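**Student:** Make a model of this:
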Amino acid sequence: MLEATSLSKKFAGKPALNDVSFKLDRGEIYGLLGHNGAGKSTSLGIILGMVEPDSGEVKIDGISVQKDRGNALAKVGAIFEAPAFYDYMTGWKNLKILMSYSGGFDPKAAGIVVEKVGLSSRIHSKVRTYSHGMRQRLALAQALLPEPELLLLDEPTDGLDPEGIKWFRDFILQLRDEKGMTVLFNSHLLAEVELMCDRVAILRQGQRVFEGSVKNFQEGIPTYQVNLEPWDMARIPIEQLGGQIIAEGKISLPPNIDPSDAVTALVNSGVKVREFARIRRSLEDLYMEISEST
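**Tutor:** Numbering: from 1, shown residues only. So this is what the prediction gives:
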């Protein structure tokens, strides 16, 4: 659905992106991760045709953004940077004006979208009375009104409270499941990306340093937190099973080894097993490993 190829961009001679490539399959939720200044927003700006790359190209459903921006973005909805509205107007009037800029306003379709995002009771209130969460819902309504096939979200949950973040996450997952929508999700909230995304790319200093499936890194080499006594006697049965001592109190085992078999082998070797618990590898663990190695 979206393919970014060899994107490079410099600002005032400083590289913001350096040969960055990634692609999204239809119906996929894809996360772009990285610290401030890593190149996430620059990437989205190029995808939306708001930033001209020094080199590289973005294609949306096979249409080049750089060569035919209008047709390429016809299937795209976006929340990019801080959503801006006319504060002295109602939410409904904002939608009406903003949609008139890009193809017309359909009141029936707008009513359906406003109800979906939970703004029906306040859509005729002035935007200056909206909370941050309500503004984000209005921005989401605007992004969904063109009935897009691809949704681009730039830090959409930034500043939301936990309840608002959960609502946003559930809503996006529902869009994917019910409508097959493709979503590019740019965020620095690692836990949210892990819960939402099928695949992630990590940008660091303008370069893509990792791309992979969330499921794959979660299901990597099984690692366990253990409390074994005496520790020096535990090494032999663990290594006989093909495992490794990572550090005192932490071991890894091959994926085909049942942890109950490992416990039995340790006990039969005279080792007391006081703790033996699987450690779930998180996206934060992966991110920190990459950050420390680059």
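**Student:** what's near enough to touch Ala84?
**Tutor:** Not one residue lies near Ala84 by CB atoms under 8 Å, 6 or more residues apart in numbering. For every residue, glycine as well, the C-beta is placed using N, CA and C.
**Student:** what's the distance between it and Arg235?
**Tutor:** Ala84 sits 61 Å away from Arg235, going by CB to CB, to the nearest Å.
**Student:** now Gln66
**Tutor:** 58 Å.
**Student:** before we move on, what about Gly27?
**Tutor:** The value you get for Gly27 to Arg235, if CB to CB is used, is 47 Å.
**Student:** ok, now Thr90?
**Tutor:** Distance of Thr90 to Arg235, given as CB to CB: 70 Å.
**Student:** which parts of the helix or strand that contains Lys9 are buried?
**Tutor:** In this structure, Lys9 is located in strand 2-11 according to DSSP states H and E. If you call a residue buried by 16 or more other CB atoms under 10 Å, then strand 2-11 has these buried ones: 2, 4, 7-9.
**Student:** Looking at these, spot the one nearest Ala74.
**Tutor:** Leu2 (13.5 Å; CB to CB).
**Student:** Was I right to think that closest one contacts Ile60?
**Tutor:** Yes - Leu2 is in contact with Ile60 according to CB atoms under 8 Å; the separation is 5.4 Å.
**Student:** Pull up the overlap in contacts between those two.
**Tutor:** What both Leu2 and Ile60 touch, as defined by CB under 8 Å, 6+ apart, is the set 47, 150.
**Student:** on that earlier part again, quick one: the strand holding Lys9 to chain centroid distance?
**Tutor:** 18 Å (CA atoms, centre = their mean, to the nearest Å).
**Student:** and the angle for the next helix or strand after that strand with strand 2-11?
**Tutor:** Beyond strand 2-11 on the C-terminal side, the first helix or strand identified by DSSP H and E is strand 14-24. Using axes from the mean of the first three to the mean of the last three CA atoms, to 10 degrees, the inter-axis angle of strand 14-24 relative to strand 2-11 is 180 degrees.
**Student:** State the helix or strand in which Gly133 lies.
**Tutor:** helix 132-144.
**Student:** average model confidence for that helix?
**Tutor:** Mean pLDDT, helix 132-144: 90.
**Student:** Residues contacting stretch 280-290, please?
**Tutor:** 33, 190-191, 193-194, 200, 202, 204, 209-210, 214, 217-218, 220, 223.
**Student:** do the same with stretch 49-68
**Tutor:** Residues outside stretch 49-68 that contact it (CB under 8 Å, 6+ apart): 1-10, 17, 19-21, 42, 45-48, 69, 71-73, 75-76, 80, 149-150.
**Student:** which residues in the stretch 151-294 of the chain form helices?
**Tutor:** 162-179, 190-196, 214-218, 231-240, 259-268, 283-293 (DSSP state H, counting those that start in this stretch).
**Student:** Tell me the bridge partners for the spatially closest residue to Ala277 that is not a sequence neighbour.
**Tutor:** The shortest distance from Ala277 to any non-neighbouring residue, by CB to CB, 6 or more residues apart in numbering, is to Gln225 (4.9 Å). Beta bridges link Gln225 to Lys250, Ala277 when assigned by DSSP bridges.
**Student:** distance of Ala262 from Asp285?
**Tutor:** 22 Å.
**Student:** neighbour-wise, which of the two wins?
**Tutor:** Neighbours of Ala262 and Asp285, each counted by other CB atoms under 10 Å, are more numerous for Ala262; the result is 23 against 16.
**Student:** Could you pull up the residues touching the more buried one?
**Tutor:** 224, 237-238, 241, 243, 253, 276.
**Student:** helix, strand or coil for the residue sitting nearest the centre point of the chain?
**Tutor:** In the chain, the centroid-proximal residue (CA atoms, centre = their mean) is Gly31; its distance is 2.7 Å. Classification of Gly31 by DSSP: H, G, I helix; E, B strand; the rest coil places it in strand.
**Student:** got the contact list for it?
**Tutor:** Per CB under 8 Å, 6+ apart, neighbours of Gly31: 185-187, 193, 196-197, 199-201, 214.
**Student:** try 10 Å
**Tutor:** Contacts for Gly31 (CB atoms under 10 Å, 6 or more residues apart in numbering) come out as 40, 153, 183-187, 189-190, 192-194, 196-202, 214, 283.
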